[in-house]
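Engineer: Below is the structure, and that's it, no one-letter string:
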């Protein structure tokens, strides 16, 4: 997730405008969403999960 965040920052700031980077971020975002819920539930109460997933879903839509 940290590596993804670093590449997202570069992409958002215009440092990686190659469409290949955007596509890779989009692909990785699907896996991040799949991995996130079980990790969240292992460490936190379920109350904030929906909000966190909504933020990740918005991030995924940014790559479309």
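Structural biologist: Here it is on my side, so go on. Computed from a prediction, not measured in an experiment: that's the story for all the values here. Residues are numbered from 1 along each chain as shown.

Engineer: drop to CA atoms for contacts and neighbour counts, all remaining ones
Structural biologist: Will do.

Engineer: what's the offset of stretch 4-12 from the middle of its chain?
Structural biologist: 10 Å (C-alpha atoms, centre = their mean, to the nearest Å).

Engineer: quick one: contacts of it?
Structural biologist: Applying C-alpha atoms under 8 Å, 6 or more residues apart in numbering, the contact partners of stretch 4-12 are 16-17, 21-22, 25, 28.

Engineer: can those go into CSV with extra columns for secondary structure and distance to residue 49?
Structural biologist: Listed next are those as CSV, based on DSSP: H, G, I helix; E, B strand; the rest coil; distance: C-alpha to C-alpha, whole Å:
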residue, secondary structure, distance to residue 49
16, coil, 30
17, coil, 31
21, helix, 28
22, helix, 26
25, helix, 22
28, helix, 20
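
Engineer: Pull out the buried members of these.
Structural biologist: 21-22, 25 (16 or more other C-alpha atoms under 10 Å).

Engineer: In JSON lines, list those residues along with distance to residue 43 and pLDDT.
Structural biologist: Shown next, in JSON lines, are the buried ones among the contacts of stretch 4-12 (distance: C-alpha to C-alpha, whole Å; pLDDT from 0 to 100):
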{"residue": "21", "distance to residue 43": "31", "pLDDT": "87"}
{"residue": "22", "distance to residue 43": "30", "pLDDT": "87"}
{"residue": "25", "distance to residue 43": "25", "pLDDT": "93"}
